[in-house]
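Visitor: Here's a sequence, model it:
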Amino acid sequence: MKVKLNDVLEALDFVDDETQYYYNMKTEQVVMLLMDGMNDEEDAELRDDIDENYEDYIVLPGKYEINEYAMMENFIDELNAVDKQDRLYSAIRSKGAFRRFKDSLFDLGLEKNWYQFRDDAYLKIATKWCEKNNIEMI
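Guide: Just a heads-up that it's a prediction; the model follows:
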């Protein structure tokens with residue numbers, strides 16, 4: 001089995017409470033299923049196919065397996081500047097953590113560093129998922 005790495009990375013990047021991504025082993029494609037029940041005909045067909053042929057699908061990591069909050073903590077831990085660490089930890093310790101974190105990254109000039117760190121983390125998640133499921137990344 002093979003999968004395009006970019007398809008897996010895109011799915012990981014866009015996963016949220018409203019979506020779940022699957023790998024179809026027969027078509028070797030990543031597909032998205034809306035979880036809110038407000039599906040159009042195409043989503044209904046996909047849901048039926050997944051229900052009827054579940055053995056043909058492998059679920060991709062979801063929001064909780066990805067755990068972007070832990071990624072933020074790991075990023076902060078790797079910083080060498082204590083003042084920047086303190087500022088970012090303060091940002092994620094209260095309501096609106098993600099927004100406050102990103103605002104603080106901008107203020108500290110660390111946006112590029114964060115997005116590179118995040119991209120690397122997503123690549124590790126994708127690679128581990130492919131290895132676990134014996135899927136070759138292309």
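
Visitor: quick one: the strands in the protein?
Guide: Ranges of strands in the chain, per DSSP state E, are 2-3, 19-24, 29-34, 57-59, 136-137.

Visitor: Which one of those lies nearest to Asp86?
Guide: With CB to CB as the criterion, Asp86 lies closest to strand 19-24 of the strands of the chain, at 35.0 Å. For every residue, glycine as well, the C-beta is placed using N, CA and C.

Visitor: May I see the buried residues of the worst-scoring helix or strand of the chain on mean pLDDT?
Guide: Lowest mean confidence among the helices and strands of the chain (mean pLDDT, DSSP states H and E): helix 41-52, at a mean of 87. Within helix 41-52, the residues that qualify as buried are Asp43, Leu46, Asp49, Ile50, counting by 16 or more other CB atoms under 10 Å.

Visitor: What of stretch 57-74?
Guide: Residues of stretch 57-74 classed as buried by neighbour count (16+ other CB under 10 Å): Tyr57, Ile58, Leu60, Pro61, Gly62, Ile66, Met71, Met72.
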